[in-house]
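Undergrad: Attaching a predicted model along with its sequence, questions to come.
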Amino acid sequence: MLSPGAPVLVCVSGGTDSMCLLHVLHGLSEELGFPLFAAHYNHNLRGAESDADEAFVREACEKMSVPLFVGSGDVASEARRRGAGVEETARELRYAFFFRIAGENGLSRVATAHNADDDLETVLMRLARGTGLRGLCGIPPVRGRLIRPLLGVSREEIEAYNLENGVPHREDSTNERDDYTRNLLRHRVVPVLRKINPAVSVTEMTALLREDEAYLDGLARKFIEENLSEGGLPAEELRALPRPVRSRVLRRFCGAGLTGAHVAALTELLENGGTVWSLDLPGVTVRREYGSLKLGKAESAAFEPAMIPLDRRGIIDVAGFHVICEIMTAPGTGIYNSLTSFLIKRDKIVGNLKVRPRLPGDRLTLPGRPGGKSLKRLLIDGKIPRHLRDGLPVLSDDEKVLAVYGLGQDVSTLPAVGEPAVKIEIQKTEER
C-alpha cells in the first residue's frame, strides 16, 4: 500500500477511525519516507456540528503539520436534484473531491479508514439485498490508488489504540440513529452475531473469496480475448463453459449493468434456445445468429447532449456518468495521458462546451499520433465494443471534438503550464 516517496492523501472526517488512521500514517510517514496530506469534506448535513467537525480536523492537522485540503457541498440539495439517497450522494461527492485533489496534486495514494467491522457490515448489507460471489468479497484493501490500511483491524482495536495514544476524535450524532441501513445492522444484527461468536469477522473469508473471484474473472477475460471474432463470441463454446465462468463472460461481454436475472435469462437461452433468438438487455440487444452470440445497439444507447458550465465548478450526470468541471490554471505536471480526465486550454474552446454522443464526421488527433483519424476508426482500433460506442461521452465545443472518454484528448487543446484551463473528469456512476 505504501512506498517510499509516494505521497499519500488520508481522508479525515474527525471520527474515531479516521483520526486513528491519520495518527498512524503520520507516525509512519517519516519512518517509510512518504509525504502525507489530508482531506476533509464537509457535507453540510448537520449544521453547526458539521462546521465543528471541519474546525476540529483543521486544528488536528495543523498540530501535526499535515497539509489539509477542505471541500464542501450541499449534499441534501444534490440528493433531491438527483432523486437519490442522501447517504449515496454524500459518498459520491466526497469521493469525487478526494480523487480530484489527489489527481490535481499528484498524490499516488488515497487512504480511507475502513476497518474490519465496516467490512462485516458491508457483507451483511449485500447479503440482505441479494448478492453473488463478488458482493461477498467485501471491501477491497486496494483498488487503483485507493487504499484501506485499517481494513484488517477491528473497531475495538482502533478505540484501544486511540485511548493508549491520546488520539482525540469527534462523535457523529447520526451514528446513533437507525435510519441508515448500515447503522441498523451495526446496532441490531452485529451484536447478535457477537453473542454467538465474540470474535466474528469476515476478514479471512473476504480475502479468500477475492482470490476466487480474481481467478474466475481471469478465466472469463481470457476466453473473450481468445474467442472474440468480428464482434461476436462462439455460442457453443460459451455454452460449454462452467457456469461460474460463463456468467462472468456474459457480464464482461454485455456490460456491467446486467443483473442476476439478466444472466439467468441469457444462460437459459444459450442452453435451451434455438439457433436464432434475441434478448433485450440494458443498453444492448443480445442476438444468437446460428453459431455466434452478437450484440446490437439498443434504441436507448445514445443520450441527449448536456451543456457544461464554463464559469464555475459543476457536476452533471449524463448517461451513467458523472462529468465534473473545474476551472483552473494548468499545473506543471499534467494529466494529458489520462483517458478519463482532460485538461483543456480555455481559449481553444469555441462557444459552448458540451458532452454529447458521437456524430458522423467526428475526428480526433491524439498525442503521439499525428494526422488525426475519424472517431469511428479510433473506436474500431481501440476495440471498443460496438454496443458501447454511441454511449461514450464526447467532449466538444461548437466546432470540434475536444476529447473522448476512453480514448483521450485532442493534441491541439493541451494547455501550457500556467495557462487558463478547464479540467473535465468523467467517472462511471457505478465506480464512485
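TA: Right, received. Where do you want to start? Note that this is a predicted model, so its numbers are computed, not measured. Numbering: from 1, shown residues only.
Undergrad: quick one, phi/psi of residue 118?
TA: Main-chain dihedrals, residue 118, degrees, to the nearest 10: phi -60, psi -40.
Undergrad: Tell me how many other residues crowd it.
TA: Residues lying near residue 118 (other CB atoms under 10 Å) number 20. Using the backbone N, CA and C atoms, a C-beta is placed for each residue, glycine as well.
Undergrad: cool, residue 107 as well?
TA: Burial measure for residue 107: 23 neighbouring residues, criterion other CB under 10 Å.
Undergrad: what's the pLDDT at it?
TA: Note on residue 107: pLDDT of 90.
Undergrad: all numbers from here: first residue = 607
TA: Happy to do that; since the first residue is 607 now, the last one works out to residue 713.
Undergrad: if I pick it, what's in contact with it?
TA: Applying CB atoms under 8 Å, 6 or more residues apart in numbering, we find residue 713 in contact with 613, 614, 615, 643, 707, 751.
Undergrad: again, only this time at 10 Å
TA: 612-616, 641-643, 645, 675, 704-705, 707, 751 (CB atoms under 10 Å, 6 or more residues apart in numbering).
Undergrad: and the gap between it and residue 719?
TA: Distance of residue 713 to residue 719, given as CB to CB, to the nearest Å: 17 Å.
Undergrad: try residue 971
TA: Residue 971 is 44 Å from residue 719, where distance means CB to CB.
Undergrad: again with residue 877
TA: In terms of CB to CB, residue 877 sits 46 Å off from residue 719.
Undergrad: The two: which is more packed in?
TA: Neighbours per residue (other CB under 10 Å) separate residue 877 from residue 719, with residue 719 holding more: 25 against 10.
Undergrad: circling back to that earlier point, among the contacts of residue 713, which are in strands?
TA: Among the contacts of residue 713, the subset assigned to strands under DSSP state E consists of 614, 615, 616, 642, 643, 645, 675.
Undergrad: dump the residue contacts of the third one.
TA: With contact set as CB under 10 Å, 6+ apart, residue 616 has these partners: 624, 627-632, 635, 642-646, 667, 672, 674, 704, 713, 715-719, 753, 755.
Undergrad: Which residues does the lengthiest helix in the chain contact?
TA: Ranked by residue count under DSSP state H, the longest helix found in the chain is helix 809-833. Applying CB under 10 Å, 6+ apart, the external contacts of helix 809-833 come out as 721-722, 725-726, 728-729, 738-747, 757-760, 808, 839-840, 843-844, 847-848, 850-859.
Undergrad: again, 8 Å this time
TA: The contact list for helix 809-833, computed with CB under 8 Å, 6+ apart, reads 722, 725, 729, 739-740, 742-746, 757-758, 839-840, 843-844, 847, 850-851, 854-855, 857-859.
Undergrad: List the buried residues in that helix.
TA: For helix 809-833, the neighbour count (16 or more other CB atoms under 10 Å) marks 809, 812, 815, 816, 819, 822, 823, 826, 829 as buried.
Undergrad: Please report the distance of the last one from residue 868.
TA: Read it as residue 829. As judged by CB to CB, residue 829 and residue 868 stand 19 Å apart.
Undergrad: Give me the helix or strand of this protein that scores worst on average pLDDT.
TA: The helix or strand of the chain with the poorest confidence is helix 992-995; it has a mean of 69 (mean pLDDT, DSSP states H and E).
Undergrad: next SSE after it?
TA: strand 1000-1002 (DSSP states H and E).
Undergrad: ranges for the helices of the stretch 857-1006 of the chain?
TA: Secondary structure of the stretch 857-1006 of the chain (DSSP state H, counting those that start in this stretch): helices at 866-878, 981-987, 992-995.
Undergrad: which of those helices has the lowest average pLDDT?
TA: Mean pLDDT across the helices of the stretch 857-1006 of the chain is lowest at helix 992-995; the value there is a mean of 69.
Undergrad: Can you pull out the low-pLDDT segments for this protein?
TA: Applying pLDDT under 70 to the chain flags residues 783-786, 862-863, 889, 903-908, 938-943, 991-993, 1035-1038.
Undergrad: what's the domain layout of it?
TA: With domains defined by automatic domain parsing, the chain comprises 614-807, 834-903, 912-1037.
Undergrad: Could you export these to JSON lines, including columns for distance to residue 608?
TA: Listed next are those as JSON lines, based on distance: least, CB to CB, whole Å:
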{"stretch": "domain 614-807", "distance to residue 608": "6"}
{"stretch": "domain 834-903", "distance to residue 608": "30"}
{"stretch": "domain 912-1037", "distance to residue 608": "21"}
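Undergrad: for the ones you listed, which one sits closest to residue 607?
TA: Closest approach to residue 607 among these (CB to CB): domain 614-807, 4.3 Å.
Undergrad: picking up where we left off before, what's the closest of the buried residues of helix 809-833 to residue 946?
TA: Of all these, residue 946 sits closest to residue 823, with 21.3 Å by CB to CB.
Undergrad: ok, so what distance separates that closest one from residue 746?
TA: Counting by CB to CB, the gap from residue 823 to residue 746 is 13 Å.
Undergrad: ditto for residue 937
TA: Residue 937 is 30 Å from residue 746, by CB to CB.
Undergrad: Residue 1029 belongs to a helix?
TA: No - under DSSP: H, G, I helix; E, B strand; the rest coil, residue 1029 sits outside any helix and is assigned strand.
Undergrad: who's in contact with it?
TA: Listed by CB under 8 Å, 6+ apart, the contact set of residue 1029 reads 710, 931, 932, 933, 934, 941, 947, 948, 949, 950.
Undergrad: I'd like to know which of the residues you listed are buried.
TA: By 16+ other CB under 10 Å, the contacts of residue 1029 give 710, 931, 932, 941, 947, 948, 949, 950 as buried.
Undergrad: got a markdown table for those residues, with distance to residue 1026 too?
TA: Formatted as a markdown table, the buried ones among the contacts of residue 1029 follow (distance: CB to CB, whole Å):
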| residue | distance to residue 1026 |
| --- | --- |
| 710 | 15 |
| 931 | 14 |
| 932 | 12 |
| 941 | 16 |
| 947 | 17 |
| 948 | 15 |
| 949 | 11 |
| 950 | 10 |
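Undergrad: Next step: those restricted to strands.
TA: Counting by DSSP E, these place 931, 932, 947, 948, 949, 950 in strands.
Undergrad: what would those residues look like in CSV with distance to residue 885?
TA: CSV is the format used below for those (distance: CB to CB, whole Å):
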residue, distance to residue 885
931, 38
932, 41
947, 35
948, 36
949, 41
950, 40
